[in-house]
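Enquirer: could you look at this predicted model? Sequence included:
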Protein chains: 2
Amino acid sequence: MSSLVTVLLPVERRADRPARQQGVRDHNLAVVLRRIAEAPQPVSRADIAATTGLTRATVSSLVDSLVAGGLVAELAPEPRTGAGRPATGLVVAGAGAGALGVEINIDYVAVCLVDLTGTVRYRSVVIEDQRRLTPAQAVAGAAELVRAALATANLVSLPVAGATLAVPGLVESRTGILRVAPNLGWHDLDVRALLWGQPGLGSLPLTIDNEANLAALGELAAARPDGPSSFVYLSGEIGVGAGIVIDGELFRGTHGWGGEIGHFPVDHAGPPCSCGARGCLEQVAGQEAILRRAGLIAPATTSMVGQPDQGRLLELAEAGDPELLQALEEAGTALGLAVSGVLNVVDVDTVVLGGLYAALGRWLVPAVEREVAYRVIPHAWHPVSVRVSSLGGDAAIMGAAGAVLRGVLDNPAAHLD
Amino acid sequence: MSSLVTVLLPVERRADRPARQQGVRDHNLAVVLRRIAEAPQPVSRADIAATTGLTRATVSSLVDSLVAGGLVAELAPEPRTGAGRPATGLVVAGAGAGALGVEINIDYVAVCLVDLTGTVRYRSVVIEDQRRLTPAQAVAGAAELVRAALATANLVSLPVAGATLAVPGLVESRTGILRVAPNLGWHDLDVRALLWGQPGLGSLPLTIDNEANLAALGELAAARPDGPSSFVYLSGEIGVGAGIVIDGELFRGTHGWGGEIGHFPVDHAGPPCSCGARGCLEQVAGQEAILRRAGLIAPATTSMVGQPDQGRLLELAEAGDPELLQALEEAGTALGLAVSGVLNVVDVDTVVLGGLYAALGRWLVPAVEREVAYRVIPHAWHPVSVRVSSLGGDAAIMGAAGAVLRGVLDNPAAHLD
DNA sequence: GCAAATAGTTTGTTACTTGAACTTATTGGC
DNA sequence: GCCAATAAGTTCAAGTAACAAACTATTTGC
């Protein structure tokens, strides 16, 4: 029964808890493991000692524990350049731990199994409109995929450290309850408990979080080690969400609902929104809004979401459909306006367009860049860069699995037994 | 030469630095001192042991160090109720350390000396328009006040742990450089170095930060222990700024410029702003904008800022001047719109109106509450409360001094020698 | 073949928390 | 008035983890 908080913040780093001797070692295990994980090349014990400031003796002892626990592997000593005894290379042992990323979204359910090195060992997606199912049915479908992934992990003897579930809605981080997923029509549901209740999943450490947050984490991991460690990830799907990453940490706010950008006011005279206000970003830059403005769906109907629509959108944009290009120009401008407000508040200077926006990046980026350039106050000193996500539709499940793996890397002591 | 970072983050809590034995004790010293500081009543060693989980032996040892270092004082054992040896009460020793809060603002310079218990030992304000002075002159004026405060500290044998300087502009947290203070007309100035260069101040550990950020910290300390630990503090002066506090920590963003709310777009058809956009919050809810809309100053002129204007504003509002009330209504609505955007992004559910807005709270709060109620998405689950700051004009210097004291409380080991 | 260089291990030391026994100081029953 | 009960605080041996320095292992270069 792993609580959300435990995963997010290792015990020994909390300011109000006393420190113990054991905590020192736990912390240093994490320091050493992180060096090994972040290095592009295999590193030696001596390297680690030099870069961390720990003595070689201590590093040796810590590395021994990590090797014994299966989280680190030693490579055969390779011939070195220069004099001296050759170093034994240390790498993260992929087989040491695995994690599941699970996503229940509007029109698909997906699962992936990733090992400690970040290699995807298994991946499975079922395209099906979840709005037509009850929550119980949707969760049962997800459980089916999870069991298949667990079976695969079992087959290759990969111990699964846990799973994270991504959902398109507001998840209360203290309780894990999904307060509302407007586009699924779900509210006040303990989806995590529901998934836990499925046969075979009761003992799986399970965390739940918002899809945009996890996609942002996925982007963070994918961009390592050269990518930015602070950025705002814009998740464009039916709804519009943002995940804010600052210094490599997801910014959650007090309840875990940080980055609610969908209802940013972009146009006072704009169309009314379900939230009660007018001209919310979602009404201008959401997928349906773009389709509607481009005359591709009738004003009152709901789009058939998913790949078909996104594909059609792309085709028409490629073909240069003037109405669509105009709609994209307006969407990009609105996005730029909204994200400028966010950047001014959270003081970040990279924007990553994800989901649908990544696919439409070619047409959106210029408008976003233009708005950002004169609206973001710090831009003059720290120019804002606007880029496109490299992960595509897998960002959320990759981030979800990555969040679990990160928990292992941040607190390896908990996984040594 | 205390770096900004050192003050903000104790060494042993950084994730990439190795932990040492010494760090355990340093951390536990902080844990114990915090218990003593946060308790409303004097606590005993046994109390601390029970609440922290440390053993009585350890607590005794730690407390001894703190008493020896002058940070904690023992009270005469008071007659207890019930059997057993009476407890020796422990309290934070006010005389253990003091800190200076310094503020250079548009129309005044202020300094305060606060001891470890939060008691103001000395306070001094000089009202003078700083825009007419060169930066060097303004800093020399501030140095004069600082020397007087240091002399007072010396007189009462209060060791000064450091000072924090509050300025109305963007301070780059890595370097401490004031990038721009629009209303002072200053830019790219190392004000901290300037102040350090003044006679008698060279050895004073000095930090610099934005005025709204520090005012927010002041509000946080003043509201303790029952007040909210997460809120957005709106600083209404000539400019409009915000300080964001989340779980008792100031949110700074990547460069320390978090909370730039003054240029939040509130009205696309609004008046042009110096930043190049139209309808920025500052153009509707800044002090000059309110005065202008109420017909109290001519459209093109600059107001004579400061107490005189704020007093006049209050008088007229009390008198029910219809034009002013209309301007305040519009300002409150704009504020509510802007702060709603901020709340949605940073997920906080308390707003504190400070500075001029605190004085005008009676007329602004209803409009802000109205906007927030339907624009903030989490409002339905976690209702947003809008309150008024209790600190008035001293918020920034109190927060500035408090930031230094907090550094002592968070890392007492550094102050024991 | 031997010195220099670099990697990794061994061993005794030091710093800190722990746990249990011990001392101190008070209340309350007899 | 005495003594058991109770609670606060101290002392001290034990355990754990990092450290420093000496030591072993393995290579290059002359």
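Expert: Alright, I've got the coordinates. Numbering: from 1, shown residues only, chains lettered A, B, ... in the order given.

Enquirer: does chain B sit close to stretch A:328-338?
Expert: Yes - contact of stretch A:328-338 with chain B (C-beta under 8 Å from any C-beta of the partner chain) involves A:Leu337. Using the backbone N, CA and C atoms, a C-beta is placed for each residue, glycine as well.

Enquirer: who touches the closest residue to A:Pro271 other than its chain neighbours in this structure?
Expert: Once flanking residues are discounted, A:Pro271 sits nearest to A:Gln283: 4.7 Å by C-beta to C-beta, 6 or more residues apart in numbering or on different chains. With contact taken as C-beta atoms under 8 Å, 6 or more residues apart in numbering or on different chains, A:Gln283 is in contact with A:Gly270, A:Pro271, A:Pro272, A:Cys273, A:Ala289.

Enquirer: ok, A:Asp188 next?
Expert: By C-beta under 8 Å, 6+ apart, A:Asp188 lies in contact with A:Ile177, A:Leu178, A:Arg179, A:Val180.

Enquirer: what subset of those residues is also close to chain B?
Expert: By C-beta under 8 Å from any C-beta, the members of those lying near chain B are A:Arg179.

Enquirer: going by distance to A:Ala93, which of the contacts of A:Asp188 wins?
Expert: For the contacts of A:Asp188, the residue nearest A:Ala93 by C-beta to C-beta is A:Leu178; the value is 34.9 Å.

Enquirer: tally of neighbours for that closest one?
Expert: Neighbour count for A:Leu178, taken as other C-beta atoms under 10 Å in any protein chain shown: 26.

Enquirer: try A:Arg17
Expert: Using other C-beta under 10 Å, A:Arg17 has 15 neighbouring residues.

Enquirer: same thing with A:Arg25?
Expert: Counted with other C-beta under 10 Å, residues neighbouring A:Arg25 total 17.

Enquirer: coming back round to it: now a PyMOL select for only the buried ones of the contacts of A:Asp188.
Expert: Entered in PyMOL, the line below selects the buried ones among these, by 16 or more other C-beta atoms under 10 Å in any protein chain shown:
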select buried, chain A and resi 177+178+179+180
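
Enquirer: which residues touch the residue of the stretch 101-250 of chain A found nearest chain B?
Expert: Taking C-beta to the nearest C-beta as the measure, the stretch 101-250 of chain A has A:Ser230 as its residue closest to chain B, at 4.6 Å. Residues in contact with A:Ser230 (C-beta under 8 Å, 6+ apart) are A:Val245, A:Ile246, A:Asp247, A:Gly248, A:Val348, A:Asp349, A:Thr350, B:Gly253, B:Thr254.

Enquirer: among those residues, which two are most distant?
Expert: Maximum pairwise distance among the contacts of A:Ser230 (C-beta to C-beta): 14.9 Å, between A:Gly248 and A:Asp349.

Enquirer: neighbour-wise, which of those two wins?
Expert: A:Asp349 (22 against 14).

Enquirer: residue of the stretch 201-350 of chain A nearest DNA strand C, please.
Expert: Going by C-beta to the nearest atom of the strand, DNA strand C is nearest to A:Pro225 of the stretch 201-350 of chain A, at 21.5 Å.

Enquirer: so A:Arg56 makes contact with A:Val32?
Expert: No - the pair A:Arg56 / A:Val32 is not scored as a contact, 11.8 Å apart, by C-beta atoms under 8 Å.

Enquirer: which one's more surrounded, those two?
Expert: The neighbour comparison of A:Arg56 against A:Val32 (other C-beta under 10 Å) goes to A:Val32, with 27 against 13.

Enquirer: spatially nearest residue to the more buried one, not counting backbone neighbours?
Expert: Leaving aside its chain neighbours, A:Val32 sits nearest to A:Leu62 (4.7 Å; criterion: C-beta to C-beta, 6+ apart).

Enquirer: tell me where the model's unsure across the stretch 251-400 of chain A.
Expert: Where the stretch 251-400 of chain A drops to pLDDT under 70, the residues are A:298-309.

Enquirer: in terms of secondary structure, what does the helix or strand hosting A:Leu353 contact?
Expert: Assigned by DSSP states H and E, A:Leu353 belongs to strand A:350-355. Contacts defined by 3 or more C-beta pairs under 8 Å, 6 or more residues apart in numbering or on different chains; DSSP states H and E place strand A:350-355 against helix A:211-223, strand A:231-236, helix A:361-375, strand A:385-388.

Enquirer: can you read off the pLDDT for A:Ala181?
Expert: At A:Ala181, the model reports a pLDDT of 92.

Enquirer: my read: it touches A:Ala166, true?
Expert: No - with contacts counted by C-beta under 8 Å, A:Ala181 stays clear of A:Ala166, the gap being 11.2 Å.

Enquirer: who has more neighbours out of these two?
Expert: Using other C-beta under 10 Å, the more surrounded residue of A:Ala181 and A:Ala166 is A:Ala166, with 30 against 25.

Enquirer: and the residue of the stretch 101-250 of chain A nearest DNA strand C?
Expert: A:Thr117 (19.9 Å).

Enquirer: does DNA strand D sit close to stretch A:398-417?
Expert: No - residues of stretch A:398-417 are not located near DNA strand D by C-beta under 7 Å from any atom of the strand, the shortest gap being 9.0 Å.

Enquirer: what's the closest of the helices and strands packed on strand A:350-355 to B:Asn28?
Expert: helix A:211-223 (32.7 Å).

Enquirer: flag the shaky bits of the stretch 1-150 of chain A, pLDDT-wise.
Expert: Within the stretch 1-150 of chain A, the segments meeting pLDDT under 70 span A:1-14, A:77-80.

Enquirer: so which helix or strand takes in the residue nearest to A:Val32?
Expert: Here A:Leu62, judged by DSSP H and E, is contained in helix A:56-68.

Enquirer: anything in that helix near DNA strand D?
Expert: Yes - for helix A:56-68 and DNA strand D, the contact criterion (C-beta under 7 Å from any atom of the strand) is met by A:Arg56, A:Ala57, A:Thr58, A:Ser61, A:Leu62.

Enquirer: show me which of these are buried.
Expert: Of the residues of helix A:56-68 next to DNA strand D, these count as buried by 16+ other C-beta under 10 Å: A:Thr58, A:Ser61, A:Leu62.
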